[in-house]
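In: Coordinates only, no sequence provided:
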C-alpha cells in the first residue's frame, strides 16, 4: 500500500463516516468520493508506469480496490442510484481483502488492516445489496478511516511504519 494514497483513502472514509452519521447531502459526499477516487486512479497509474517488479503490481491491485470503490460510490451518490451492484462489488472486495490478509501473514499490522477493511466492505455489501441497517456504520467507517488509513499512511510517508 502506498502511504500517500492511504492518507487520502483515510480522508474519504472519514468524510463518508461523518456523512453517514450526520446524514449530509449525497451529492456533496459523492463529489468528494469522486475527487479522491480520481486522485487514487492517477496515483495508481503513475505507480504502474514506474513499476519495476511484480510485487509493485500487487500493491497497485490492492490500492485499485479502494480506487474503484470510491469512483463507483461517487456515481451512486451523485446520480441517486440504488447501489445494489456496488454492494456486490463490495462483497468481491471483501473476499479479496481476506485473501490479502492471508497473503500478508508475515506482517501482523497488515493482517489487521486487511481484516478491518474486509469487515467494512462486508457491511457495505449488507447495506447496499441486502438492504440491512447497520446501526453504527458511520462511526465504524470514521474510526476505520483514522486507524487503518490516515495514521498508517502518515507513518508510511514519514518512514515510521
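Out: Structure received. All values derive from a computational prediction rather than experimental measurement. Numbering: from 1, shown residues only.

In: Now the residue most central in space within the chain: closest residue in space, sequence neighbours ignored.
Out: Centroid-nearest residue in the chain, with Cα atoms, centre = their mean: residue 66, separated by 3.9 Å. Excluding the flanking residues, the one nearest residue 66 by Cβ to Cβ, 6 or more residues apart in numbering is residue 9, at 5.0 Å. Bear in mind the C-beta positions are built from the backbone N, C-alpha and C, glycine included.

In: Secondary structure element for the one you found, which one?
Out: For residue 9, the element it lies in under DSSP states H and E is helix 3-22.

In: For that helix, name the packing helices and strands.
Out: If you count contacts as 3 or more Cβ pairs under 8 Å, 6 or more residues apart in numbering; DSSP states H and E, helix 3-22 packs onto helix 26-50, helix 54-78, helix 137-144, helix 151-157.

In: List the buried residues in the last one.
Out: When neighbours are counted by 16 or more other Cβ atoms under 10 Å, the buried residues of helix 151-157 are found to be 152, 153, 154, 156.

In: List the contacts of the nearest residue to the third one once chain neighbours are set aside.
Out: Spelled out, it's residue 154. Using Cβ to Cβ, 6+ apart and skipping the chain neighbours, the partner closest in space to residue 154 is residue 7 (6.3 Å). Neighbour list for residue 7: 149, 150, 153, 154, 157 [criterion: Cβ atoms under 8 Å, 6 or more residues apart in numbering].

In: what residue of this protein is the furthest out?
Out: residue 52 (25.1 Å).

In: helix, strand or coil for that one?
Out: Put simply, residue 52 is coil when judged by DSSP: H, G, I helix; E, B strand; the rest coil.

In: distance of it from residue 42?
Out: Remark: distance between residue 52 and residue 42 (Cβ to Cβ, to the nearest Å) = 19 Å.

In: circling back to that earlier point, quick one: work out the angle between the helix holding residue 9 and helix 26-50.
Out: Here the directions of helix 3-22 and helix 26-50 differ by 170 degrees (axes from the mean of the first three to the mean of the last three Cα atoms, to 10 degrees).

In: For helix 3-22, list every residue counted as buried.
Out: The neighbour-count check on helix 3-22 (16+ other Cβ under 10 Å) flags 3, 5-20 as buried.
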